[in-house]
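Asks: Quick one, structure for this:
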Amino acid sequence: MQSALDSGVAFTAGVDEDFLVTRLRAGDERAFEELVRTFGGRLLAVARRFVRNEADAQDIVQSAYLSAFKALDQFEGHCQLATWLHRIVVNTALMKLRSKRRKPEESIETLLPAFQEDGHHVEQFSDWTTPADELIERDETRATVRACIDRLPDNYRAVLLLRDIEERSTQDVAETLSMTPTAVKVRLHRARQALSTLLRKEYARPQAGA
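Replies: Coordinates of the predicted model:
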């Protein structure tokens, strides 16, 4: 799922990352322009997954650039520059979300599947036989999956993105979001349920006579 949803790690073929980092450390303005040109679009896309406001996404990327410049001496090249920048943007976005926790958490109840007393779904869906990994490989589907994820409340979307898209461990997500591992598992399960319901409504045609 990570690759299909564009993990934010930019394609950097032809970019000499070591030389680029050296130039950045030397204060080369053209190196900064090259950095933004090469990674800017993907980093902004990553920020947009965590916040719905375009201005907030722009602020996150700008703050991430500043953090990256301050930490350039700590970049030892053990991973790709793109991966390093990606992590900084994600961490910056999470800090942004934590700063907004004063607001009441949004409920996810309206996005969860509804059931009748006999246990059957209230919504009548036809069989959704296309595997999710095939759906998200299609260009038109990828945008729909992103749009459905964007409809999740912030507190659930963050957990889903970190576990399923960023592929972080439950313990890591718990520490990052100041939650217990059990709370992460519960929130992830509910987020996946909500996402599945949203996708079913998008892709499954109602049964005849429903």
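
Asks: quick one: buried residues of stretch 31-48?
Replies: Of the residues in stretch 31-48, A31, L35, T38, F39, R42, L43, L44, A45, V46, A47, R48 count as buried by neighbour count, 16 or more other Cβ atoms under 10 Å. Just so you know, the C-beta spots here come from the backbone N, C-alpha and C atoms, and that holds for glycine as well.

Asks: After the least confident helix or strand in the chain by mean pLDDT, heading C-terminal, what element do we hit next?
Replies: Scoring the helices and strands of the chain by mean pLDDT, DSSP states H and E places helix 132-135 at the bottom, with a mean of 53. Toward the C-terminal end, the helix or strand that comes next after helix 132-135 (DSSP states H and E) is helix 139-150.

Asks: quick one on the thing from earlier: taking the buried residues of stretch 31-48, tell me the two that lie furthest apart.
Replies: Taking Cβ to Cβ as the measure, the buried residues of stretch 31-48 reach their widest spread between A31 and R48, a distance of 25.4 Å.

Asks: in which helix or strand would I find the closest residue to R23 other than its chain neighbours?
Replies: Beyond its immediate neighbours in the sequence, the residue positioned closest to R23 (Cβ to Cβ, 6 or more residues apart in numbering) is A31, lying 3.5 Å away. Using DSSP H and E, A31 falls within helix 29-50.

Asks: before we move on, what about R168?
Replies: Counting by DSSP H and E, there is no helix or strand that carries R168.

Asks: Perfect, that will be all.
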